[in-house]
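Chemist: Generate coordinates for the sequence data below:
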Amino acid sequence: MKLLARFIGHPLTAWFFRKRFMKFGAVGASGVVVNLVVLYLCQEFLFVAISSPDMRLNVSLAMAIFCATVNNFFWNRAWTWSDRKHHPDKHLVLHFGQYALACWVGIVLQVILTKLFVIYLYYLIANALAIVLASVFNFLVNNFWTFRSHKPIEEIALPIIPEPEPEIEEDSGSK
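Modeler: So this is what the prediction gives:
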C-alpha cells in the first residue's frame with residue numbers, strides 16, 4: 001500500500017493524471033472509434049466497387065485515418081486546449097496541417113519503437129508500450145507546439161524577482 005501511495009504522489013504520475021492529459025486520452029479514444037467505424041463503412045459499403053482487396057483496404061484506411069485525425073483535431077482544439085488563444089494569423093487549415101504533422105511524427109515514432117521493443121517483448125506488448133510512449137510524445141508536441149498559447153508578452157507569467165532593497169547606512173553620530 002505504501003508503494004501505491006508513493007506512486008500516486010510522484011510528480012510524474014500526477015502530471016499524467018492532470019485534466020488536460022485525461023481529455024487528450026478521451027479524444028484519442030474517440031478517434032479510435034471514428035477510425036474503426038469509418039474503416040468498416042468504407043470497406044463494406046463505400047468502396048465496394050474497388051475490385052482489388054488490397055487497394056480497397058488502402059483507400060479505406062486512408063479515409064479512416066483522415067476522418068479520425070480531423071475528429072481529434074476538432075475535439076482537441078475545442079475541448080482539450082479550449083483555454084488557449086489561437087494565433088490570429090494562423091489559418092485553420094494551417095493549424096490542422098501542424099496538428100497532422102505532429103500526428104504523423106507520432107505514428108512514425110510508434111512504428112520505430114514497436115520494431116525496437118519487439119526484439120525483447122511479445123509483439124502486442126511491444127506495440128502497447130510504443131502506443132503509450134508515442135501518446136505522451138504527441139501530447140507534449142501538441143501542448144507545446146500545435147496548441148501553444150499565443151498570449152501577448154505582458155500576459156505571459158514571468159517569475160517575479162524581487163528588487164534588492166537599498167542598504168541604509170546608519171549614521172553612527174559625529175565624534
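
Chemist: which residues touch stretch 45-63?
Modeler: Where contact means C-beta atoms under 8 Å, 6 or more residues apart in numbering, the residues beyond stretch 45-63 that reach it are 38-39, 42-43. Yep, even glycine has a C-beta here, placed from its N, CA and C like the rest.

Chemist: Which one of those residues is nearest to Trp75?
Modeler: Val38 (15.4 Å; C-beta to C-beta).

Chemist: Could you count how many residues lie near Met63?
Modeler: Residues contacting Met63 under the criterion other C-beta atoms under 10 Å number 18.

Chemist: And the next helix or strand past the helix or strand hosting it?
Modeler: Applying DSSP states H and E as the criterion places Met63 in helix 53-75. Once the chain leaves helix 53-75, the next helix or strand it forms, by DSSP H and E, is helix 92-117.

Chemist: So for the helix or strand following that next one, what gets flagged as buried?
Modeler: Note on helix 92-117: by DSSP H and E, the next helix or strand toward the C-terminus is helix 123-141. By neighbour count on 16 or more other C-beta atoms under 10 Å, the buried set for helix 123-141 is 126-127, 129-130, 133-135, 137-139, 141.

Chemist: re earlier: in the helix holding Met63, what counts as buried?
Modeler: Counting neighbours by 16+ other C-beta under 10 Å, one finds that the buried residues in helix 53-75 are 56, 59-60, 63-65, 67-69, 71-73, 75.

Chemist: any chance of the buried residues of helix 123-141 in TSV, plus distance to Ser52 and pLDDT?
Modeler: Compiled in TSV, these are given as follows (distance: C-beta to C-beta, whole Å; pLDDT from 0 to 100):
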residue	distance to Ser52	pLDDT
Ala126	31	90
Asn127	27	89
Leu129	34	93
Ala130	30	91
Leu133	35	93
Ala134	31	93
Ser135	33	92
Phe137	35	94
Asn138	33	95
Phe139	38	93
Val141	36	93
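
Chemist: Of the residues you listed, which is the nearest to Val93?
Modeler: Using C-beta to C-beta, Val141 comes nearest to Val93 of the buried residues of helix 123-141, at 19.0 Å.

Chemist: and that closest one, what does it touch?
Modeler: 102, 105-106.

Chemist: just the buried members of these?
Modeler: Buried, going by 16+ other C-beta under 10 Å: 102, 106, out of the contacts of Val141.

Chemist: What separation is there between Gln43 and Gly31?
Modeler: Gln43 sits 18 Å away from Gly31, going by C-beta to C-beta, to the nearest Å.

Chemist: Repeat that for Ile107.
Modeler: Distance from Ile107 to Gly31, by C-beta to C-beta: 12 Å.

Chemist: do Ser60 as well
Modeler: Applying C-beta to C-beta to Ser60 and Gly31 gives a distance of 16 Å.

Chemist: what does the domain assignment say about this structure?
Modeler: Residue ranges for the domains of the chain, per automatic domain parsing: 1-83, 86-152.
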